[in-house]
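>>> Coordinates only, no sequence provided:
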Ligand code: ATP
Ligand code: MG
């Protein structure tokens, strides 16, 4: 039997990359799983606060993320839906694991570097106090640096077997497996379950304004992403302005033509069964006489067709009162705590933390 865990940060309305790379696969997993499989999907708000957040906005984003869960078809009776900060065992587990996490390994992780706009080869130990006083190089906070340990805690807390995520999380999952093994060998035990990464086919949807970067909720340019609540007109405008190139026709070549290839890829993931690969879609379905402008029209229509029902359900859920939405969250919190608590107890027993 499988235990599936995944999370999303409440850092804005989810975008097409989140939807294709994570949210839609979660719903598919839920709908196709064995009824005895365990599925946990979390709003990982403790991860969101590793960078500066406005409290009112964070509160709104948490609500919108829960509304998103319901709008896309996650079912609180079937999946365990909860916010991470409401299950204190995540933070407790993080401390226990921190005592096994290697600073050297963490310093090689790319995410804290990208959140601080530093080059991939930057070292945390070069960040002098002087550099932190400059406006453009904020000091590296412990929480941002140790973020992967919290992520490992999220996963290992439930003895997760499968973690459906986009490609940007693959490195963190590798670290999670390493930590599980380090713990098991330190105590000659098998209580830590080593989880598998489940990469979705749409593993990396790129930004519309800079197709060499992934699409992100926290990108400062709203034009860089399609939000799942965008109207048909907003989708059309953003896609028509998406950065492409001046090569005539369309062809799939992510290195040479990242913008056009990203659009082909989006169309490919929204047209299930039409074509075996984005490459063949470019060659056979579109052909060389399709212009980038025509491609954009097809892409905008396909996105709108996919997102229209999500947008509608999202509006419905958001019109419910806060109390009504809150009530739906309670059972998930209880179930998550109920699984997490005995596992932490077992870990503490292994470690000598009991009477
Ligand atoms: P932030 O910019 O705040 O980090 P994000 O867009 O990266 O936001 P997360 O909440 O960090 O979103 O990630 C949620 C899930 O969405 C993860 O499984 C992640 O791998 C996936 N994901 C994020 N961006 C993309 C993308 N561009 N393409 C495919 N999957 C993605
Ligand atoms: Mg992210």
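Everything's here; your move. It should be emphasised that the depicted structure is a prediction, and the values quoted were computed from it without experimental measurement. Numbers count the residues shown, from 1 in each chain. Ligands and ions are numbered 1, 2, ... in the order given.

>>> Next, work out how far apart the nearest residue to residue 300 once chain neighbours are set aside and residue 322 are.
In this structure, residue 300 finds its nearest non-sequential neighbour in residue 239, 4.2 Å apart by CB to CB, 6 or more residues apart in numbering. Yep, even glycine has a C-beta here, placed from its N, CA and C like the rest. Noted for residue 239: a distance of 34 Å to residue 322, by CB to CB, to the nearest Å.

>>> Could you do residue 248 as well?
For residue 248, the distance to residue 322 - CB to CB - is 53 Å.

>>> One more: residue 80?
According to CB to CB, residue 80 and residue 322 sit 21 Å apart.

>>> Neighbour count: residue 239 and residue 322, which is higher?
When neighbours are counted by other CB atoms under 10 Å, residue 239 and residue 322 differ, and residue 239 comes out ahead with 22 against 9.

>>> residues touching the more buried one, list them.
Contacts here follow CB atoms under 8 Å, 6 or more residues apart in numbering; on that basis residue 239 touches 208, 226, 263, 296, 299, 300, 303.

>>> List, out of the residues you listed, those positioned next to ligand 1.
Near ligand 1, taking CB under 6 Å from any ligand atom as the test, no member of the contacts of residue 239 is found.

>>> Pick out the most distant pair among the residues you listed.
Spatially, the most separated pair among these is 226 and 296, at 12.3 Å (CB to CB).

>>> between these two, which one's more packed in?
When residue 226 and residue 296 are compared for neighbours, residue 226 comes out ahead with 25 against 21, by other CB under 10 Å.

>>> Might you name the residue of the stretch 1-150 of the chain sitting closest to ligand 1?
Using CB to the nearest ligand atom, the closest approach of the stretch 1-150 of the chain to ligand 1 is made by residue 21 at 2.3 Å.

>>> I'd assumed that residue was in a helix, is it?
Yes: per DSSP: H, G, I helix; E, B strand; the rest coil, residue 21 lies within a helix segment.

>>> Spatially, what comes nearest to it if we skip its sequence neighbours?
With CB to CB, 6+ apart as the criterion, residue 21 has its nearest non-adjacent residue at 3.6 Å, and that residue is residue 166.
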